[in-house]
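> return atomic coordinates for the entry below.
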Amino acid sequence: MTAAENVCYTLINVPNDSEPPSEVSLKADLEKGEIKAKTEALKKVIIMILNGEKLPGLLMTIIRFVLPLQDHTIKKLLLVFWEIVPKTTPDGKLLQEMILVCDAYRKDLQHPNEFIRGSTLRFLCKLKESELLEPLMPAIRACLEHRHSYVRRNAVLAIYTIYRNFENLIPDAPELIHDFLVNEKDASCKRNAFMMLIHADQDRALDYLSTCIDQVHTFGDILQLVIVELIYKVCHANPSERARFIRCIYNLLQSSSPAVKYEAAGTLVTLSSAPTAIKAAAQCYIDLIIKESDNNVKLIVLDRLIELKEHPTHERVLQDLVMDILRVLSTPDLEVRKKTLQLALDLVSSRNVEELVIVLKKEVIKTNNVTEHEDTDKFRQLLVRTLHSCSVRFPDMAANVIPVLMEFLSDTNEAAAADVLEFVREAIQRFDNLRPLIIEKMLEVFHAIRTVKIYRGALWILGEYCSTKEDIQSVMTEVRRSLGEIPIVENEIKKEAGEGKPEEEVSAAPAAKLVTEMGTYVTQSALSSSRPSKKEEDRPPLRGFLMDGDFYVAASLATTLTKVALRYVAIVQDKKRQNSFVAESMLIMATILHLGKSSLPKKPITDDDVDRISLCLKVLSECSPLMNDIFNKECRKSLSHMLTVRLEEEKLSQKKESEKRNVLVQADDPISFMQLTAKNETTSKEDQFQLSLLAAMGTTLKKEANDPMASKLNKVTQLTGFSDPVYAEAYVHVNQYDIVLDVLVVNQTNDTLQNCTLELATLGDLKLVEKPSPLTLAPHDFANIKANVKVASTENGIIFGNIVYDVSGAASDRNCVVLSDIHIDIMDYIQPASCTDAEFRQMWAEFEWENKVTVNTNIADLNEYLHHILSSTNMKCLTPEKALSGFCGFMAANLYARSIFGEDALANVSIEKPIHLGPDAPVNGHIRIRAKSQGMALSLGDKINLSQKKTSA
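Reported below is the predicted structural model:
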């Protein structure tokens, strides 16, 4: 058996670079050396035995020269030594020398020093030989009455493990421990004794608990935790006992220990679904989140609250606690705030939305006052998005929210301002009654906007929704104010002439490589004129953008002016005023064109922007009804259509979520019997303590296929051939950050194979935790060897190695069988995830590693190919279903996934169906993968390459 299969009690750090010493030198150090030399020698002996060396010759030396020593370090090392040393002969009988060891430990159990007594009792918990334990029983019993609590609590543990393994040695243990528990005063001793009674004799534990159930809240936290576990187990096995203990659990919710409160709240939820119980548990969770400083604890407890919300009957109870949940926003950690806002948004209803909005508005205002922190902007963005969602779901709230949020349009953080702008655009289109208010606020903040992207959006909104004469004139006033004195070129030349006319140097700027939203590359080069730096502050915002060479905003301004001019012509009957307004609009456009063609801006105007401004000039000069319709009606129709589609998608996803939560039981549904359910079909009726223990040990099974055995066989890798002298195959069990290799080794020869060792090495971010122990295999015998591997990232990992062995009686060198490589599947670490389009584009621009995979498949349908890629890479398609529906011969979709190590993986699928090659022609195109690390991009590319072709069933 390897160390992976044994229960591990002691961890020892082994230096890899040290040479193993000889048995003779160790013997000399143990016999004649000083205490320090003996300590070092004993350490080396322990490490050699752990690595599979036998060293039988040193056993008597250690008994004679080391065992009698009184040094505490030596005594502690000896406990480790006796734990790991072989204590039996090959035929299973106890070694004679062990009687001497047993006598030494009997003396240690009566030693005056409590540390030696206690550590010896801890060591006895690990012994599996009843012949060694039998003579020590009277001394172990006597330790229960020792004056020091350290000795007493270890004596209880020793009695418990001996009773569990060899009941005949101490048949009266439960009675003995019950009497001990009644009289004991120390909290740790009571905890150990009570824990033993839970597992050894539950009825006695219940008897004790019923005598002191009213004093439970005065006990120490370690004993309270064990009491919670007992109550859970008893009520789980016998639901009729719930009424007897539920009051005790309620009392424990008031415990001073956070761990007890957490466990008590979890137990209360499983024992009762009454609204009062759920409310008490949820309140306890919220208090824990607020009071605990550790962010990991906050996230774990938040997850428990989210689990509570998933239950339809509990959701209404939690809706009353939304305001308490929002207190968690005082935490500075962004991840905690994100989860809290999402939970609050899921629980918001018409009853509490008003209070929620008030709190969120206060939080938004607070972010404006705090000193800038890297997460402040992101938190502001989250708050804006949450308020946006509230206003869409509850339109009555929009009027309260908009004035506060519109102040942030002038914010220097473009991302938060862009979110506000998106919200305002949706609100002005959806809520007709709010348009005057929004226009008024927009005109107020317009001059303060400092970001060109936000400026463009604000111009579009003003141009699209200003419908009264006064508003249109206000827009023109704001534009003139933002543009400064016109004509711009003359004004700028005058300014320069006033400051002395410097020589101009015109130089070609290096070609800038830009990435468009679709991910394609565009090369842009420009001539720029370098001139002495001037004070930029005196320039109005719009003129500043134009002088910097950003003429895209000018094209947007031209469209806005055209829309308002056409609307002004329709509203105002006075021809003189009409002509005056149109002429002013055309003058602004003409002066911008003039500026773009001059050498004054840092970059000249692009041809696209020239075309757009020229078109607007032509439209204003002709004023045809067709153009009037296109500018003033069609634009708004397309926005309305986009918002409708988005709303439908949101409603559809909400409907799917609610359908998932509302579990309907049909009359012909099968009845599940707990004894017959597989481990992977766990329900809330299973023992939660047992489940969490299994999860920690990594023995819970993922539901991978309808037939659990079939999915297990998929993970078996053959390592050697059937004709090799040693046949080996490995089952690869993945548990998050660990991989356990369970290797079956079969001796196919008629010889006994000695020192049969599995030697492994790894490539990639894998690390072998321990060296498997050597085995002896009889003819045609088999054995299982386990090896643990740690995983550090999603990079493709390879495990390779060989099996070496000696043939019994043969004089030849060691034999070696080389094993096939084991490739670790990247898919075990990648999970589907979702993000917004803006986040996707930002990551796409930031990630520096790209892997371009050419589509090479036998699938002829575009949608079928996309779904095949999604299923084989565990990625999620971010492109909406509606955008992918229909057939037009080509398809583009964005995919996203995240690894359990927090690494992001992006992919852009661009595929087409070559119709000219016939209906059965396979799909062709490219898949571009981007990731932060090279390993992730390459691994995902390899996975797509391997799984592109559909295998025929």
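> tell me the domain ranges of the chain?
Per the record, the chain has its domains at 348-448, 458-466+474-495+539-640, 714-824, 828-947, by the TED database.
> look at the residue lying closest to Lys54 once chain neighbours are set aside and give its secondary structure.
Using CB to CB, 6 or more residues apart in numbering and skipping the chain neighbours, the partner closest in space to Lys54 is Pro86 (7.1 Å). Bear in mind the C-beta positions are built from the backbone N, C-alpha and C, glycine included. Following DSSP: H, G, I helix; E, B strand; the rest coil, the label given to Pro86 is coil.
> next, count neighbours for Pro86.
Counted with other CB atoms under 10 Å, the neighbours of Pro86 add up to 12.
> can you pull the pLDDT of it?
pLDDT recorded at Pro86 is 80.
> just the pLDDT for the closest residue to Ala281 other than its chain neighbours.
For Ala281, the nearest residue in space outside its immediate sequence neighbours is Ala265; the separation is 4.1 Å by CB to CB, 6+ apart. According to the prediction, Ala265 has pLDDT 86.
> what about stretch 718-731, distance to the chain center?
38 Å (CA atoms, centre = their mean, to the nearest Å).
> measure the nearest residue to Glu31 once chain neighbours are set aside to Cys816 for me?
Counting by CB to CB, 6+ apart, Phe65 is the residue found nearest to Glu31 once chain neighbours are left out, at 5.1 Å. If you measure Phe65 against Cys816 using CB to CB, to the nearest Å, the figure is 40 Å.
> now swap in Ser910 and tell me
Using CB to CB, we find Ser910 at a distance of 49 Å from Cys816.
> cool, and Asp320?
Here Asp320 is placed at a distance of 70 Å from Cys816 (CB to CB).
> these two: which is more packed in?
Each of Asp320 and Cys816 has its neighbours counted (other CB under 10 Å); Asp320 has more, 15 against 11.
> ramachandran coordinates for that one?
Note on Asp320: backbone dihedrals following degrees, to the nearest 10 are phi -70, psi -10.
> is it true that it touches Lys279?
Yes. Using CB atoms under 8 Å as the test, Asp320 is close enough to Lys279 to be in contact (7.3 Å).
> just the pLDDT at Pro174, thanks.
Per-residue confidence for Pro174 comes out at a pLDDT of 87.
> spit out the contact partners of it.
By CB atoms under 8 Å, 6 or more residues apart in numbering, the residues touching Pro174 are Tyr163, Met196, Leu197, Ala200, Asp201, Arg204.
> separation between the residue nearest to Glu31 and Phe545?
With distances defined as CB to CB, the gap from Phe65 to Phe545 amounts to 88 Å.
> looking at the two, which one has more neighbours?
Counting neighbours by other CB under 10 Å for Phe65 and for Phe545 shows that Phe545 has the greater number, 23 against 16.
> and that one, that's in a helix?
Yes. Going by three-state DSSP, the assignment for Phe545 places it inside a helix.
> does it touch Arg450 like I think?
No. Phe545 sits out of contact with Arg450 when judged by CB under 8 Å, with a separation of 9.9 Å.
> report the rounded mean pLDDT for the helix or strand containing Gly801.
Secondary structure assigned from DSSP states H and E places Gly801 in strand 797-807. In this model, strand 797-807 has a mean pLDDT of 86.
> quick one: average confidence on the helix or strand following it?
Remark: after strand 797-807, the chain's next helix or strand is strand 815-818, criterion DSSP H and E. Averaging the model's pLDDT scores along strand 815-818 yields 89.
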